[in-house]
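Pasting the sequence and the predicted coordinates here, then a few questions.
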Amino acid sequence: MNGYRLAPKPASGSVEVEVESVIQLRRFGDKLNFCQKLLDLISKLFSLVT
C-alpha cells in the first residue's frame, strides 16, 4: 500500500441525509442567485431612467 487509508463507508442513512442536505443547499443557492439577478435587473432599469 502507499500509506493512504481508505475512509470507512458511511451508513446508508447518513448518505441520505447528506444527499438531502446538498439538495437543500442547491435550492437555497438557486434562490439567492435568482434574487441577485432580479436586483441587478431592477438596478439596471433605474439606471436607465436617470
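On my side now, so go ahead.

Secondary structure element holding residue 23?
Secondary structure here is read from DSSP states H and E; on that basis residue 23 sits in helix 12-49.

For that helix, what is the distance to the chain centroid?
Computed by CA atoms, centre = their mean, to the nearest Å, the separation of helix 12-49 from the middle of its chain amounts to 7 Å.

on contacts alone, who are the packing partners of that helix?
Using 3 or more CB pairs under 8 Å, 6 or more residues apart in numbering; DSSP states H and E as the contact criterion, no helix or strand is in contact with helix 12-49. Any C-beta I mention is one placed from the backbone N, CA and C, and that applies to glycine too.

Give me the buried stretch members for that helix, please.
Within helix 12-49, no residue is scored as buried using 16 or more other CB atoms under 10 Å.

Sketch out the low-pLDDT regions of this structure for me.
Per-residue confidence of the chain (counting by pLDDT under 70) places the weak regions at 1-12, 50.

Next, name the residue at the spatial heart of it.
Among the residues of the chain, the one closest to the centroid is residue 26, at 3.2 Å (CA atoms, centre = their mean).

what separates residue 40 from residue 34, distance-wise?
When distances are taken as CB to CB, to the nearest Å, residue 40 and residue 34 turn out to be 11 Å apart.

And for residue 24?
When distances are taken as CB to CB, residue 24 and residue 34 turn out to be 16 Å apart.
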